[in-house]
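A.B. asks: I'd like to go over a predicted model; first the sequence, then the structure.
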Amino acid sequence: MRAALQPLIEAEIVEEPARLAEDRRRGRGAASNKSGRFEPLARESFDDGWDSLDDLPPLKTEVQEERARTIITRNESPDISFDRSINPYRGCEHGCIYCFARPSHAFMGLSPGLDFETRLFAKPNAAQLLERELSRPGYVPRVIAIGTNTDPYQPLERGYKLMREILEVLDNCGHPVAIVTKSALVMRDIDILSRMAERNLVKVALSVTTLDRKLCRALEPRASAPHKRLGAIKALADAGVPASVMMAPIIPALTDSEIETLIEAAAEHGAREAGYILLRLPLEVSELFRDWLVRERPDRYRHVMSLIRSMRGGKDYDAKWGERMRGRGPYADQIAKRFSLAAKRHGLNLRRKKLNTEDFVQPQKGGVQLNLF
């Protein structure tokens, strides 16, 4: 089957990326490491036939500490529900092949491919910066979103514990937070999250793309297995923490068949809300995802890409406000209706949880300069 489809597939891909040897990239999502689009020179590793790559060791995760100057990121996007967020890490070891945050690594002079999941940045002063920024005169509290770019509970969080420090700051000053993660590590912080939930200061969404463990391992090689994410939803719900499920992303002809079963499973584990995002393929993500399809699901390549383009105006991606998350056209409408009906059938989204902003007390030791008079 692969041999028969390969000419058709390659005819559609303008330039097939040079892939690293499988032994070197085992457990990673991307197979290539092309230079970022801002670099003056393009570099790729490839086998020149002289066995020059045979003795290279497997890729290891490297973490560089970054002394950030600010920690709260603002946005004015009209189609998302928050205006501020925190990202304690750059890059993500989960290695989700479809991650729309991959192109951000190009701003660091690195590749959105393997660099994104192996060359990471941690912000060890995140909690101190947060306390300082919350202390500023005139600060108005609104929900801070965490996990909207890279995952705050990715594997290196076990050692750095930046997310736990951030939660301690938010808990101490009564500031609301909404968290999205693909990691069962969130259960580590249930003690803080349950305290915040008692004051209506937190909600947590577990992102579950598929219940198929084999497909999950290929799509999201270092994220928690689906059953562990469902277990995290149950643990949070049992502890009184409002928990929801995010089917992010829905991939047509690959995971969209699971909409009903996934929502049912989440509801059985205690989720009370559900949401979804249609697959997004901005910039370098398009080539990386298409290469993944060729490697992992060659028989689905043409069908998947045809449906994606039918919902994106004939392109791999359209960043138009209001459509980038949901797409447009008959197939996108069908997905939206199926999702809505499934959620309603299982009692989800009957009432959206609105977090409390009234009990916020500004930190007193944030290092903000006092007034002279």
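C.D. replies: Sure, I can see it.
A.B. asks: Next one: A127 relative to V180, how far apart?
C.D. replies: 19 Å (Cβ to Cβ, to the nearest Å). For the C-beta atoms, the positions are set from N, CA and C on the backbone; glycine is no exception.
A.B. asks: again with G347
C.D. replies: G347 is 22 Å from V180, by Cβ to Cβ.
A.B. asks: Other residues contacting whichever strand in the chain runs longest?
C.D. replies: Longest strand of the chain, by residue count under DSSP state E: strand 243-250. For strand 243-250, contacts defined as Cβ atoms under 8 Å, 6 or more residues apart in numbering pick out 98, 180, 203-209, 232-233, 236-237, 255-256, 259, 262-263, 266, 270-280, 335, 339, 348.
A.B. asks: Following the chain past the lowest-mean-pLDDT helix or strand in the chain, name the next helix or strand.
C.D. replies: Across the helices and strands of the chain, mean confidence by mean pLDDT, DSSP states H and E is lowest for helix 2-12: a mean of 53. Going down the chain from helix 2-12, the next helix or strand is strand 62-65, by DSSP states H and E.
A.B. asks: residues making contact with that following strand?
C.D. replies: T118, R119, L120, F121, A122, K123, P124, L156.
A.B. asks: what's the distance between the closest residue to P282 other than its chain neighbours and R309?
C.D. replies: Leaving aside its sequence neighbours, P282 sits nearest to Y317 (Cβ to Cβ, 6 or more residues apart in numbering; 5.2 Å). Distance, Y317 to R309, using Cβ to Cβ: 9 Å.
A.B. asks: residue ranges with poor pLDDT in this protein?
C.D. replies: 1-17, 43-55, 365-373 (pLDDT under 70).
A.B. asks: What segments of the stretch 51-200 of the chain are helices?
C.D. replies: Counting by DSSP state H, counting those that start in this stretch, the stretch 51-200 of the chain has helices at residues 114-118, 126-134, 157-160, 162-173, 190-198.
A.B. asks: Go through those and pick out the most buried.
C.D. replies: Counting by mean count of other Cβ atoms under 10 Å, helix 114-118 has the highest mean neighbour count of the helices of the stretch 51-200 of the chain, with a mean of 26.
A.B. asks: what helices or strands is it leaning on?
C.D. replies: With contacts defined as 3 or more Cβ pairs under 8 Å, 6 or more residues apart in numbering; DSSP states H and E, helix 114-118 has no helix or strand neighbours.
A.B. asks: Alpha carbons only: can I get it in CSV?
C.D. replies: Listed next in CSV are the C-alpha coordinates belonging to helix 114-118 (Å, rounded to 0.1, in the frame of the first residue of the first chain):
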residue,chain,number,x,y,z
LEU,A,114,13.1,18.3,16.5
ASP,A,115,14.6,21.4,18.2
PHE,A,116,11.2,22.3,19.5
GLU,A,117,10.9,19.1,21.5
THR,A,118,14.6,18.6,22.4
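A.B. asks: chain center to that helix, what's the gap?
C.D. replies: Relative to the chain's own centre, helix 114-118 is displaced by 14 Å; criterion: Cα atoms, centre = their mean, to the nearest Å.
A.B. asks: Likewise for stretch 203-216?
C.D. replies: On Cα atoms, centre = their mean, the centre of stretch 203-216 falls 11 Å from the chain's centre.
A.B. asks: ends of it, how far apart?
C.D. replies: 25 Å (Cα to Cα, to the nearest Å).
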